[in-house]
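> kindly return the folded structure for what I paste below:
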Amino acid sequence: MEIIKTEIPDLLIIQPKVFEDERGYFLESYNQREFLKHGLDLNFVQDNESKSGYGVIRGLHYQLAPYSQTKLVRVIEGKVFDVAVDLREGSPTYGKWRGIELSAENKIQFLIPRGFAHGFSVLSETATFVYKCDNLYHPEAERGLNFNDPELNIDWRIDPKSAIISPKDKVLPNFKDVEKNFKFGK
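So this is what the prediction gives:
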């Protein structure tokens, strides 16, 4: 398992070792010992899965502290463009975003720490997206950020005019107006 740092502190790309032969493939999507070797002491408590069609944008979602979540995300069918936005006040990358293509073919995972908003767009006909969380879902702490905020200027790799967005996500506030309670380094 290779753990790759990005330009945003604590936001990591995880490249599992994939063993392929005529039968198919095998990989470890998570190994606690390997994570601990890299200083990642996480206790995952919930796994989630969603299936979506082309053009769907889900997000950008997060939960306020103390219910914030670290997420280990990946795609097991199809292809998405996955995005994380740094909401941690005091971070050198506060308000910046990073995107990465995740697919069943590349098997890359994205480790999104607490204090980030998260979302993705579906680039294939369908995509099955799975992720582990280190905190349970708490609806009272759920918040979101407008996927189409002009200040963030995220390129979702699909035409925003034809994007399929949930009614809840369509009315999320822009970055400057979102409620957040995250501090960098805590």
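
> any idea how far residue 141 is from the closest residue to residue 12 other than its chain neighbours?
Distances taken as C-beta to C-beta, 6 or more residues apart in numbering put residue 111 closest to residue 12, at 4.1 Å, once the chain neighbours are dropped. For glycine as for every other residue, the C-beta is placed from the backbone atoms N, C-alpha and C. Using C-beta to C-beta, to the nearest Å, residue 111 is found at 21 Å from residue 141.

> out of these two, which sits in the busier spot?
residue 111 (22 against 16; other C-beta atoms under 10 Å).

> is it true that the more buried one touches residue 8?
No: counting by C-beta atoms under 8 Å, residue 111 stays clear of residue 8, with 11.3 Å between them.

> what helix or strand is residue 92 on?
For residue 92, there is no host helix or strand (DSSP states H and E).

> now do the contacts for residue 133.
When contacts are counted by C-beta atoms under 8 Å, 6 or more residues apart in numbering, residue 133 touches 44-48, 69-71.

> again, only this time at 7 Å
Taking C-beta atoms under 7 Å, 6 or more residues apart in numbering, we find residue 133 in contact with 44-46, 48, 69, 71.

> how far away is the residue lying closest to residue 52 once chain neighbours are set aside from residue 80?
In space, residue 52 comes closest to residue 122 once its chain neighbours are excluded; the distance is 4.8 Å by C-beta to C-beta, 6+ apart. Using C-beta to C-beta, we find residue 122 at a distance of 5 Å from residue 80.

> same deal with residue 63?
Following C-beta to C-beta, the distance that separates residue 63 from residue 80 is 21 Å.

> neighbours around residue 15, how many?
By other C-beta under 10 Å, neighbour count at residue 15 equals 14.

> again, but for residue 103
18.

> list the contacts for it?
75, 78-79.

> of these, which belong to helices?
In this view, the contacts of residue 103 have no member that belongs to helices under DSSP state H.

> spatially central residue in the chain, please.
The chain has residue 118 as the residue nearest its centroid, 4.5 Å off, counting by C-alpha atoms, centre = their mean.

> what secondary structure does that residue sit in?
Following DSSP: H, G, I helix; E, B strand; the rest coil, we place residue 118 in the strand state.
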